[in-house]
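**Q** Got a predicted model here, sequence first, then my questions.
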Number of protein chains: 2
Amino acid sequence: MERTRRKILEEIFRAGVEAVDPEKAVRNSVKREGEQLIVGNQTYELSRFNRVFVIGVGEGTAPMAKALEDVLGDRLTEGRIVVKYGHGMPLLKTKVLEAGHPVPDKAGLRATESLVELAQGCTESDLVLFALSGGGSALLPAPDPPVDLEAKQQTTRLLLECGATIKEINAVRKHLSRVKGGRLARAAFPAHCVSLILSDVVGDELDVIASGPTVPDPSTFEDCFATIQRFGITDRLPQTVLDALTEGARGKRAETPKQDDPIFLTVHNVIVGNNRAALLAAEEKAREFGYATLVLTSWLQGEAREVAQALVAIGKEIVTSNHPLPPPACILAGGETTVTIRGNGRGGRNQELALAGVLALDGWERVALLSAGTDGGDGPTDAAGAFADGATYGRARTIGLDPHVFLAENDSYTFFDALGELLRTGPTRTNVMDLICILVD
Amino acid sequence: MERTRRKILEEIFRAGVEAVDPEKAVRNSVKREGEQLIVGNQTYELSRFNRVFVIGVGEGTAPMAKALEDVLGDRLTEGRIVVKYGHGMPLLKTKVLEAGHPVPDKAGLRATESLVELAQGCTESDLVLFALSGGGSALLPAPDPPVDLEAKQQTTRLLLECGATIKEINAVRKHLSRVKGGRLARAAFPAHCVSLILSDVVGDELDVIASGPTVPDPSTFEDCFATIQRFGITDRLPQTVLDALTEGARGKRAETPKQDDPIFLTVHNVIVGNNRAALLAAEEKAREFGYATLVLTSWLQGEAREVAQALVAIGKEIVTSNHPLPPPACILAGGETTVTIRGNGRGGRNQELALAGVLALDGWERVALLSAGTDGGDGPTDAAGAFADGATYGRARTIGLDPHVFLAENDSYTFFDALGELLRTGPTRTNVMDLICILVD
């Protein structure tokens, strides 16, 4: 892709990512004025609290804790967070624990124990600031004994195999956990709790992000039991899991806390950053470059290669009819697409979307796109995403690459790597899913 | 679906279809003021011409010819058109021939002969008005001898089987035909020609609609020969076809006329109706109902069930953020999606898109959609399309239907029929592909 065009796409993307930098996102949402701590539409009188704690879990949690340390200053009593190996950073009063992700490990078990212990020690004269972000589910394993980590993982695998939805799987997971599904908030009760949440899920479903440790759980033991019965896997589940779900469905185990549970009267959940915020910042940058802009949606889902066609169709309309926007125009969309793996190649959903874009855009000189993950990663590759425009197809054929073949093999990484059209940003410390930007010049 | 909502969706769709009614579309594009015939930006002095002919082919051609008869009145010398069996109508000076579609037959061969004969009899003092619409390819079979109809059909099947693109197949077809790819215009040369085209293809590619009988052909014999070599099917082609393509590639057969061919100096191709025109009329109707509107694209392509998700994502954004439009809002898109058949059910691309919409919209009370074919048909069913909204999923489950199962079976017709959510319009006499309308109340 021509350099200027590529640079514009990259800068629009980076503006989006920057807006949801965890540290910045927390700073934008949490202000201190003297003894007043203002979070969203709530104000907390710090002088009312004996102690103030920070408890965090997730990939972007270290910089979130950093921001909270800065804002709280000497009012912070102690912090404790769990992050992925290698994602720690030196903090003043916050203990940074590292653990396995995406596969939970024993370090995660110990770290969770440590967080729960801190939460349980809280009283009604304490304020707890939770910092939650994507990846929290894996980093916070706390199987409710006698269920153990292995039994829980085995259950997840079994449910995945039989085609259970992610919603059904999460319901079961929450009901086998001591912290998920609002139970971390219950541990901290009766402390006052503020949950600062960086959303990495479509629709910002609070009970899904990091498995909703401070959020009411809409699912029940009965739902879980119905699920395992429907898939006919009761006799293949680990005995401890089957027992737990059976007892739960009979009302012999404590349910996850529900919407009307009094513990949530003192819990305030606030989204500090999400895909939409990134889209709006990207839009602002595109306007600076002189583009008319349209932010379509932050709810994008569907098979990456097909979604590409639907989005590119809007670019074509702009070229041929100057609608829905007059060029130069920038269309933005965000969310999380999926890839049904058919081949043996390397890639990610963003690179696959861009590769389908190469086919759909062949010859459309005025149209260019970038699809990339805001976390700086895309599938098991070192790229965040890839660039495509009306000339990419021709350039590929010139060097003997057939985009059709690479798409059939889900080999988008190899394709774009050969063409030098990958976007490599390295890890960005944040994650609000993906951004797709289409330019029409 | 609630009745008022359903009625609004249907009326928006019908307004779109009405705008591209073939008779109306021709009337809007062809005006007569005394001896002046005004077509688009061109004016023809009727007094300059000895004779005026109408030659037409395609599904919507009878009403197009009707409009031309009315406009031309006594200046029409004679007309001759080919339509699908059962699509004829009584005309004054126009002979209506009926033929097989989508499988060409002997009646089609004879009808084509008749049209070519009329065209070849024209002189430079004649004016020919062509009326072309979708379905013209099958209705106008004219294999260039010694290639016969069977050999041509066998070639098409072979190319389809080996995965050739529709572009490649069309190139071969045009090069085995006496009328396609601009050759009908060549037959009428040196008459003045005006081609009135109702577009049923994405992007209104003139050389694709009805195989472009009056349009320069961008493809060559060499392209065709390269295609059959690339797929390694030279030894499986009928001998007459192989000979024709080989001779053509060696320059021993007349090429289809190209852009710079002098015959096109007196040919004027005008699109009188297309998907975009239908979208704009639908938009107008939605505005009348008080909806803020956004026409996304007339270039929609991709797998129906995935495209549904991308479109519904915009509806969700409107519900959750009032963007990109404030509700009540109407999103419109048009084009032609595809369905990869995996199951054994009945349906069409529009009903499948709506069924995927049922899943994506579950619980989204404020969102509703209609996807339907402007020709009043959708796959091998008696429906034009189907309605879906946030309550459809729940309603289906209540009567024991699992939308997931029907989608897996491509059985959208059975699903919507049981729910009473099909749109049945009967044949509309026109075809500008599909319209998709999403309402957010």
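**A** Right, received. Where do you want to start?

**Q** next structured bit after the lowest-mean-pLDDT helix or strand in chain A?
**A** Here the helix or strand of chain A ranked lowest by mean pLDDT, DSSP states H and E is helix A:136-139, holding a mean of 87. Later in the chain than helix A:136-139, the nearest helix or strand by DSSP states H and E is helix A:149-161.

**Q** tell me which residues in that following helix are buried?
**A** By 16 or more other C-beta atoms under 10 Å in any protein chain shown, the buried positions in helix A:149-161 come out as A:149, A:151-152, A:155-156, A:158-159. Where you see a C-beta, it was placed from the backbone N, CA and C, and this is true even at glycine.

**Q** Could you report the distance from A:P90 to A:V96?
**A** According to C-beta to C-beta, to the nearest Å, A:P90 and A:V96 sit 8 Å apart.

**Q** what's the answer for A:F221, then?
**A** Distance, A:F221 to A:V96, using C-beta to C-beta: 35 Å.

**Q** More neighbours: these two, which one.
**A** Higher neighbour count among A:F221 and A:V96: A:F221, with 24 against 19, using other C-beta atoms under 10 Å in any protein chain shown.

**Q** ok, the residue nearest to that one when sequence neighbours are not counted to A:P216 distance?
**A** With C-beta to C-beta, 6 or more residues apart in numbering or on different chains as the criterion, A:F221 has its nearest non-adjacent residue at 3.1 Å, and that residue is A:G248. The spacing between A:G248 and A:P216, counted by C-beta to C-beta, is 17 Å.

**Q** which residues in the stretch 201-350 of chain A form strands?
**A** Along the stretch 201-350 of chain A, counting by DSSP state E, counting those that start in this stretch, strands occupy A:267-273, A:292-300, A:329-335.

**Q** Next, the angle strand B:329-335 makes with the second one.
**A** Read it as strand A:292-300. 90 degrees (axes from the mean of the first three to the mean of the last three C-alpha atoms, to 10 degrees).

**Q** Could you give the separation of strand A:292-300 from the chain centroid?
**A** 18 Å (C-alpha atoms, centre = their mean, to the nearest Å).

**Q** that's a strand at A:V96, yeah?
**A** Yes. The assignment for A:V96 (DSSP: H, G, I helix; E, B strand; the rest coil) places it in a strand.

**Q** I'd say it and A:G88 touch.
**A** Yes. Here A:V96 reaches A:G88: they are 4.2 Å apart, a contact under C-beta atoms under 8 Å.

**Q** between those two, what contacts are shared?
**A** Taking C-beta atoms under 8 Å, 6 or more residues apart in numbering or on different chains as the criterion, A:V96 and A:G88 both touch A:A62.

**Q** Flag the shaky bits of chain A, pLDDT-wise.
**A** Nowhere does chain A drop to pLDDT under 70.

**Q** Would you tell me which residues of it are close to chain B?
**A** By C-beta under 8 Å from any C-beta of the partner chain, the residues of chain A that approach chain B are A:203, A:276, A:294-303, A:306-314, A:316-317, A:320-321, A:323-324, A:333, A:335, A:360.

**Q** what about the closest residue to A:D434 other than its chain neighbours, neighbour count?
**A** The spatial neighbour of A:D434 that comes closest, neighbours along the chain excluded (C-beta to C-beta, 6+ apart), is A:G373 at 5.2 Å. Neighbour count for A:G373, taken as other C-beta under 10 Å: 27.

**Q** tell me the SS of A:I438?
**A** Classification of A:I438 using three-state DSSP returns strand.

**Q** isn't it right up against A:S371?
**A** No. The pair A:I438 and A:S371 fails to qualify as a contact (C-beta under 8 Å) at a distance of 9.2 Å.

**Q** Neighbour count: these two, which is higher?
**A** For A:I438 and A:S371, the more surrounded residue by other C-beta under 10 Å is A:S371, and the numbers stand at 34 against 27.

**Q** who touches the more buried one in this structure?
**A** Shown in contact with A:S371 (C-beta under 8 Å, 6+ apart): A:308, A:350-351, A:353-354, A:357, A:385-386, A:434-437.

**Q** So it, which state does it fall into?
**A** Under three-state DSSP, A:S371 falls in the strand class.

**Q** how near is it to chain B?
**A** 13 Å (C-beta to the nearest C-beta, to the nearest Å).

**Q** do the same with A:D70
**A** 30 Å.

**Q** Quick check: closest non-adjacent residue to that residue.
**A** A:R27 (7.7 Å).

**Q** With A:C193 instead?
**A** Sequence neighbours aside, A:V267 is the residue nearest to A:C193 in space, at 4.4 Å (criterion: C-beta to C-beta, 6+ apart).

**Q** Going along the chain, name the strands of the stretch 51-200 of chain A.
**A** Assigned by DSSP E, counting those that start in this stretch, the strands in the stretch 51-200 of chain A fall at A:51-57, A:78-84, A:94-99, A:126-132, A:192-198.

**Q** so how far is the third one off the chain centroid?
**A** Taking C-alpha atoms, centre = their mean, the mean C-alpha location of strand A:94-99 is offset from the chain mean by 20 Å.

**Q** before we move on, what about stretch A:98-115?
**A** Worked out by C-alpha atoms, centre = their mean, stretch A:98-115 lies 19 Å from the chain centre.

**Q** Stretch A:126-140 too?
**A** Mean C-alpha position of stretch A:126-140 versus that of the full chain (C-alpha atoms, centre = their mean) differs by 13 Å.

**Q** measure A:A188 to A:I438 for me?
**A** Remark: distance between A:A188 and A:I438 (C-beta to C-beta) = 45 Å.

**Q** what bridges to A:G79?
**A** Here A:G79 sits in beta bridges with A:V54, A:T94, going by DSSP bridges.

**Q** correct me, but it touches A:A65?
**A** Yes. In this structure, A:G79 is within contact of A:A65 by C-beta under 8 Å, at 5.5 Å.

**Q** Give me the more crowded residue out of these two.
**A** Ranked by neighbour count (other C-beta under 10 Å), A:G79 and A:A65 place A:A65 first, with 31 against 24.

**Q** How about the more buried one, nearest residue that isn't a chain neighbour?
**A** Nearest non-adjacent residue to A:A65, counting by C-beta to C-beta, 6+ apart: A:T94, 4.7 Å away.

**Q** my read: the one you found touches A:G79, true?
**A** Yes. Here A:T94 reaches A:G79: they are 2.9 Å apart, a contact under C-beta under 8 Å.

**Q** any shared contact partners between those two?
**A** Jointly contacting A:T94 and A:G79 under the rule C-beta under 8 Å, 6+ apart are A:54, A:56, A:65, A:69.

**Q** and A:L46, how many neighbours?
**A** Counted with other C-beta under 10 Å, A:L46 comes out at 14.

**Q** out of everything not next to it in sequence, what's closest to it?
**A** Distances taken as C-beta to C-beta, 6+ apart put A:E35 closest to A:L46, at 4.6 Å, once the chain neighbours are dropped.
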